[in-house]
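Trainee: Sequence first, predicted coordinates after that:
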Amino acid sequence: MVSPYLALLFALSCAGCSAAASDEEEGASAQPATDTAVATPLGARRLAPEALGQDGRITFSPGFSPDGQTMYFTRADCELIWECPQLLYRSQRTASGWSPAERVQLPQAEARAEWPSVSPDGSTLYFSWAPDRPRHAGENVYEDFDLFALSLSDAGAEPVALDNPDISRIRGGRIRQTRFVNNETAPVLTRGGDLYFWSERLDGVGLRDIYVARGNGSGGFAAPIPVPGDINTAGENDGSWVTADGRVMLLSTDVVEGEGGADIFVSVLCEGEWSAPRNLGPEINTPDAEFAARITPDGESVVFTSSRPTEAGGESGLYQVWTMPVAEIPVLREVLGEARAN
């Protein structure tokens, strides 16, 4: 484990590389919601547990609109993820906090959804979804998470699959229940048009890898490749999210010693490659699992998923959404500060 105090002395792997500040660090007016939050010794709080309906239910990290006024998230109405599907919800910011969760209606109502994000211009919702699809005919599919885009400006719009070129693969046949093979999830679009996501592929680098499909300049994408640099290893590298400017990535990896369970790490893009992930330290990571972190649009807070206890002396294991200030995480504060300065 890297001490957070020693981490403050480390220079970024690409010191001197130009990195413009992202939208997450500039100008937004959103503030983190704290209604009926539950404090922990680490300073983290559950994110709006009453409004989101978190108690007793699996809840995963949201994606925020660029103005911070809307968040989209998935929740399963049970404690064990295999007992009921995680479905897509939205919540709006109000004068008193966040509004009660409202279901986002999708054509196949009970198909599982995961890890939504909103495009930098606020026009499109990207998410992972596992509906039955015509292309599954004859493929002996078990449950196939693919990437979809949904227009937020057209109330009658339906999700559009992001299949080509080689973005969403079919999870069927001999690999239909092999670990997470050919499931694609956690899509994030950058301002430059690049699409990041993670998946497990038999021709990948490791068990799970983070991919990027470069924008082709006309709204489409090139074939995805494992992100270049020190991100992907022989192990599991997932839980990824990237700032709108494509400069900073939050992720989980199992190859760097940490606090136990899954931990949250940060990496910086420099000269086309991502730096070696740095553990964000015990201020945010615990012996339980922490993953799927993202920075709120105002740049002030980190929101993430954790299986830590929701109250002192309680049991761990239930996935809930948590938040804490960036200012209380020295490694992240340093990385974002240097990015802003450069």
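Mentor: Received, thanks.
Trainee: what stretches of the chain score poorly on pLDDT?
Mentor: Across the chain, residues meeting the criterion (pLDDT under 70) sit at 1-42, 255-260, 341-342.
Trainee: hmm, try it at 90
Mentor: In the prediction, the chain carries residues with pLDDT under 90 at positions 1-43, 78-83, 155, 253-262, 270-273, 311-315, 336-342.
Trainee: Which residue ranges of the stretch 151-300 of the chain form strands?
Mentor: Remark: strands assigned in the stretch 151-300 of the chain by DSSP state E, counting those that start in this stretch are 160-161, 184-189, 195-199, 209-213, 225-226, 237-242, 248-253, 265-270, 273-274, 278-279, 290-295.
Trainee: Who are the packing partners of the second one?
Mentor: In this case it means strand 184-189. When contacts are defined as 3 or more Cβ pairs under 8 Å, 6 or more residues apart in numbering; DSSP states H and E, strand 184-189 packs onto strand 113-118, strand 124-129, strand 146-151, strand 195-199, strand 237-242. All C-beta atoms are positioned from the backbone trio N, CA, C, and that covers glycine.
Trainee: Would you map the helices across the protein?
Mentor: Under the criterion DSSP state H, helices of the chain are mapped to 4-7, 49-52, 330-341.
Trainee: so what does the second one touch, helix or strand wise?
Mentor: Helices and strands touching helix 49-52, by 3+ Cβ pairs under 8 Å, 6+ apart, are strand 86-94, strand 97-98.
Trainee: Counting by contacts, list what the longest one packs against.
Mentor: Going back to what we said before, that points to strand 86-94. Strand 86-94 makes packing contacts with helix 49-52, strand 70-76, strand 102-103, strand 113-118 when contacts are defined by 3+ Cβ pairs under 8 Å, 6+ apart.
Trainee: and what of the shortest one?
Mentor: With contacts defined as 3+ Cβ pairs under 8 Å, 6+ apart, strand 97-98 has these neighbours: helix 49-52.
Trainee: and the helix it packs on, how far out from the chain's middle?
Mentor: 19 Å (Cα atoms, centre = their mean, to the nearest Å).
Trainee: Tell me which of the helices of the chain sits nearest to Trp198.
Mentor: Put simply, out of the helices of the chain the one that sits nearest Trp198 is helix 330-341, at 20.1 Å, with distance taken as Cβ to Cβ.
Trainee: ok, now how distant is Asn285 from Val331?
Mentor: Asn285 sits 10 Å away from Val331, going by Cβ to Cβ, to the nearest Å.
Trainee: Report the set of residues contacting both of those two.
Mentor: Taking Cβ atoms under 8 Å, 6 or more residues apart in numbering as the contact criterion, the residues that touch both Asn285 and Val331 are Asn279.
Trainee: neighbour count winner among those two?
Mentor: Taking neighbours as other Cβ atoms under 10 Å, Asn285 and Val331 compare with Asn285 leading, 28 against 23.
Trainee: The more buried one contacts Asn279, correct?
Mentor: Yes: applying Cβ atoms under 8 Å as the test, Asn285 and Asn279 come out as touching, 6.8 Å apart.
Trainee: Same list (the helices and strands packed on strand 86-94) but as JSON lines, adding mean neighbour count and distance to Arg133.
Mentor: Formatted as JSON lines, the entries for the helices and strands packed on strand 86-94 read as follows, by neighbours: other Cβ atoms under 10 Å; distance: least, Cβ to Cβ, whole Å:
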{"stretch": "helix 49-52", "mean neighbour count": "20", "distance to Arg133": "29"}
{"stretch": "strand 70-76", "mean neighbour count": "24", "distance to Arg133": "19"}
{"stretch": "strand 102-103", "mean neighbour count": "10", "distance to Arg133": "22"}
{"stretch": "strand 113-118", "mean neighbour count": "25", "distance to Arg133": "14"}
